[in-house]
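Asker: can't give you the sequence, but here's the structure:
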């Protein structure tokens, strides 16, 4: 099996698969991280103090990572997926199952990762695509702490195979056919998590955070359903589960960005000090544009766009959300 991307999530997946006695090769983009994993058996930048199995192979060659593999896992940031997938395509077998652990929308086209991969590998491969999403911090998965997530595919047999490959005594995987809902939950939750962090950074209290998460779920569901998702998917692990984790967990990079914004730091100042990617910053622009294109009302996303990209004061954004016209909760 090949795992493409040696960030936190890719490394955690590779470790999990290797510990199930699968032959796993992990593709690293950078020479320093590749050498570090080979020599120290540790990914110090993304999973510090996590010992990686000796059997885990590491390479900087995409061809080596994908050639002849029955399953390939993509775990690169969304803004790099097109470039990496296109480079890998010539060496990917027609029968290979492609599992996407990347969450996001492509900024230029506003494509989901599923549409992007279908464009690159061909519509005929769509049923060989599987999408992973759910409340999973990579560090906790790597530590073997209990976690659950969802695998979604249009092909039940393919999805079941991936479910069985990934499941362990501490990692439970559920199946779904709703590839749109599973993908969209993993995108919008990052935007709402920044808002939740701002809420905490402004010391607005637990009531405000709970309301924000709940209304964020409503926005997430509206957009996903407009794109063809089943609404119940968003009340499960890829929606509500991932939303709660990302909005409240101390390991959440997106929440952390929001906290610092709420405390008065500029976005440039925050991002310049981050080693790992906070996908929510990019997601905010893409989701905002997609909602406008589809005519979906997303007031929290709209306020986050104004804060991140137009310099709006976060206190003013909170005030404007509270002063919107009164309306029924449902409908």
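Answerer: Noted; the coordinates are in hand. From a predicted model like this one, the values you see are computed outputs, not experimental measurements.
Asker: if you skip the residues just before and after it, what's nearest to residue 237?
Answerer: Closest residue to residue 237 apart from its sequence neighbours, by Cβ to Cβ, 6 or more residues apart in numbering: residue 134 at 3.9 Å. (Each C-beta comes from the backbone N, C-alpha and C, glycine too.)
Asker: what's the answer for residue 184, then?
Answerer: residue 224 (4.0 Å).
Asker: Where does that neighbour sit: helix, strand or coil?
Answerer: helix (DSSP: H, G, I helix; E, B strand; the rest coil).
Asker: Count the neighbours of it for me.
Answerer: By other Cβ atoms under 10 Å, the residues close to residue 224 number 26.
Asker: measure it to residue 110 for me?
Answerer: The gap separating residue 224 from residue 110 is 14 Å, by Cβ to Cβ, to the nearest Å.
Asker: just residue 190 next, same as before
Answerer: 15 Å.
Asker: Neighbour count: the two, which is higher?
Answerer: Just comparing residue 190 and residue 110: by other Cβ under 10 Å the higher neighbour count belongs to residue 190, 28 against 15.
Asker: ok, now which ones touch residue 318?
Answerer: Neighbouring residues of residue 318 by Cβ atoms under 8 Å, 6 or more residues apart in numbering: 198, 199, 202, 204, 208.
Asker: now, among the residues you listed, which is nearest to residue 242?
Answerer: residue 199 (17.9 Å; Cβ to Cβ).
Asker: Secondary structure class of the closest one, three-state.
Answerer: Following three-state DSSP, the label given to residue 199 is helix.
Asker: so residue 99 sits right up against residue 113, yeah?
Answerer: No - the pair residue 99 / residue 113 is not scored as a contact, 11.1 Å apart, by Cβ atoms under 8 Å.
Asker: hey, what's in contact with both of those two?
Answerer: residue 131.
Asker: which element is residue 136 on?
Answerer: Following DSSP states H and E, there is no helix or strand that holds residue 136.
Asker: Surely residue 95 forms part of a strand?
Answerer: No - assignment of residue 95 by three-state DSSP gives coil, placing it outside any strand.
Asker: List the residues that contact the closest residue to it other than its chain neighbours.
Answerer: What sits nearest to residue 95 in space, not counting adjacent residues and going by Cβ to Cβ, 6+ apart, is residue 70, at 7.3 Å. Residue 70 is in contact with 1, 95, 96, 97, counting by Cβ under 8 Å, 6+ apart.
Asker: Also residue 52?
Answerer: 11, 14, 15, 18, 37, 41, 42, 43.
Asker: again with residue 116
Answerer: Counting by Cβ under 8 Å, 6+ apart, residue 116 makes contact with 81, 82, 85, 106, 109.
Asker: and the fourth one, what does it touch?
Answerer: Contact criterion Cβ under 8 Å, 6+ apart gives 78, 79, 81, 82, 113, 116, 286 as the residues in contact with residue 106.
Asker: Check residue 252 too.
Answerer: By Cβ under 8 Å, 6+ apart, the contact list for residue 252 reads 137, 193, 197, 245, 246.
Asker: In ChimeraX, how would I select the buried members of these?
Answerer: To isolate the buried members of the contacts of residue 252 in ChimeraX, using 16 or more other Cβ atoms under 10 Å:
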select :137,193,197,245,246
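Asker: so which of the contacts of residue 252 comes closest to residue 319?
Answerer: For those, the minimum distance to residue 319 (Cβ to Cβ) is 17.5 Å, reached by residue 197.
Asker: pLDDT at that closest one, what is it?
Answerer: If you check residue 197, the pLDDT there is 97.
Asker: That one - nearest residue in space that isn't next to it in sequence?
Answerer: Nearest one to residue 197, counting by Cβ to Cβ, 6+ apart, is residue 258 at 2.2 Å.
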